[in-house]
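>>> coords please:
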Amino acid sequence: MAEVEAEQPVQVGVSKPSGVPVGAYDKKCIFCKIVNQEMGTELLHSDEELSCFRDIKPGAPHHYLVVPNQHVGNCKSLGKEHVPLVKQMVEVGKQILQRNSVADLTDVRFGFHWPPFCSVTHLHLHVLAPASQMGFMSRLFYRLNSYWFITADQLIELLNTK
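Model (predicted):
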């Protein structure tokens with residue numbers, strides 16, 4: 001964890017189609033409201049860059065969302081410069097899982113819904129564990145190699161080619 005804290009803060013520079021300024025608070029965004037503690041949602045993690053909370057419709061026994069504190073569009077609007085942000089989101093997800101006694105990090109799914117299959121346009125990483133215990137519908141919603149869900153590793157690989 002010390003390595004994550006020692007890194008330079010991630011600069012978020014994503015264009016938002018809705019006209020919300022980059023990195024601004026979007027008063028219509030539910031995740032912006034959660035991060036700013038306007039919704040009464042318990043934050044499992046909160047630092048200068050990222051926050052984490054439970055998904056309201058869990059797809060696995062452990063289902064968390066890791067979000068940037070500043071409003072960032074969806075994963076399709078990211079560029080190569082956002083690879084450190086995505087990696088940092090995954091690290092926070094791993095820390096939350098370990099704090100919640102998830103020892104087997106090989107049975108975990110880290111990923112993003114690919115637009116237009118996002119219900120919230122604020123960038124959010126789904127952290128699901130154990131993936132082997134996901135129900136039928138969750139296996140569809142968070143299916144590997146689908147048109148609507150991309151793993152964090154696949155997104156990093158995609159961003160590195162931009």
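
>>> for the protein, longest helix please?
Longest helix of the chain, by residue count under DSSP state H: helix 83-99.

>>> now for it, which elements pack on it?
helix 2-6, strand 45-46, strand 50-54, strand 62-68, strand 125-129, helix 152-160 (3 or more CB pairs under 8 Å, 6 or more residues apart in numbering; DSSP states H and E). Glycine gets a C-beta too; all of them are placed from N, C-alpha and C.

>>> one more time with 6 Å, if that's ok
strand 50-54, strand 62-68, strand 125-129, helix 152-160 (3 or more CB pairs under 6 Å, 6 or more residues apart in numbering; DSSP states H and E).

>>> Please enumerate residues in contact with that helix?
4, 10, 44-45, 50, 52, 64, 66, 110, 125, 127, 129, 152, 155-156, 159 (CB atoms under 6 Å, 6 or more residues apart in numbering).

>>> Give the rounded mean pLDDT of that helix.
For helix 83-99, mean pLDDT is 97.

>>> Which strands border the next helix or strand after it, and is each parallel or antiparallel?
Next in sequence after helix 83-99, counting helices and strands by DSSP states H and E, comes strand 109-113. Paired strands of strand 109-113, with direction, are strand 125-129 (antiparallel), strand 149-151 (antiparallel) (DSSP bridges).

>>> following the longest one, which helix or strand comes up?
Heading C-terminal from strand 125-129, the first helix or strand you meet, by DSSP H and E, is helix 136-141.
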